[in-house]
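Chemist: Prediction below, plus the sequence it came from.
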Amino acid sequence: MELCFAFSTDDGENMIKEHAGQAKFFDVYTFVDGEATFLERRDNSKCKGDEAMRHGDPKKAKATMEALKNIDVLVARMYGPNLPRLLKKFLCVVVRTNKITDAIEILKENMGKIQDEYQKGESRKHLVLTA
């Protein structure tokens, strides 16, 4: 099964320490047969544009989802109050690591669990994965 993953990042190397939607960018990778391949970096500037938006604001969730079109799995260190909205569109995975390269290894080790949860559709729950 081929899945497309997005990582919440500000620098392309590290996962952000804030909620997933606070990232400047989403680095997009595809996972096929246990291998991760970088596809592109997507800008998430829409979410930063209106400082009046609070965490959990549906408009903020909508802006984040716009940047995440065609993504199957969103990977971050933390999620905010919009997590239930996000789960309707894709699987949300929490990783307890700073580096994207380490997160990729954690995902590879848990790919069966990720695929099983992803296939549950809108009834899916988020996953928390550690090394």
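Modeler: Happy to help now that I have it.

Chemist: So which residues of the protein form strands?
Modeler: Under the criterion DSSP state E, the chain contains strands at 3-9, 25-32, 35-43, 73-76, 91-95, 127-129.

Chemist: elements contacting the shortest one?
Modeler: Here strand 127-129 touches strand 91-95, helix 111-118, going by 3 or more C-beta pairs under 8 Å, 6 or more residues apart in numbering; DSSP states H and E. In this view, the C-beta of every residue, glycine as well, is placed from N, C-alpha and C.

Chemist: Any idea which helix or strand in the protein has the lowest mean pLDDT?
Modeler: helix 45-49 (a mean of 57; mean pLDDT, DSSP states H and E).

Chemist: which residues of the chain score low on pLDDT?
Modeler: 46-58, 60-61 (pLDDT under 70).

Chemist: got a list of what the most centrally placed residue in it touches?
Modeler: Centroid-nearest residue in the chain: Leu74, 1.9 Å away (criterion: C-alpha atoms, centre = their mean). By C-beta atoms under 8 Å, 6 or more residues apart in numbering, Leu74 lies in contact with 5-6, 8, 20, 26, 68, 86, 90-93.

Chemist: from those residues, which is closest to Asp116?
Modeler: Of all these, the one with the least separation from Asp116 (C-beta to C-beta) is Leu91, at 10.0 Å.

Chemist: Nothing else from me, thank you.
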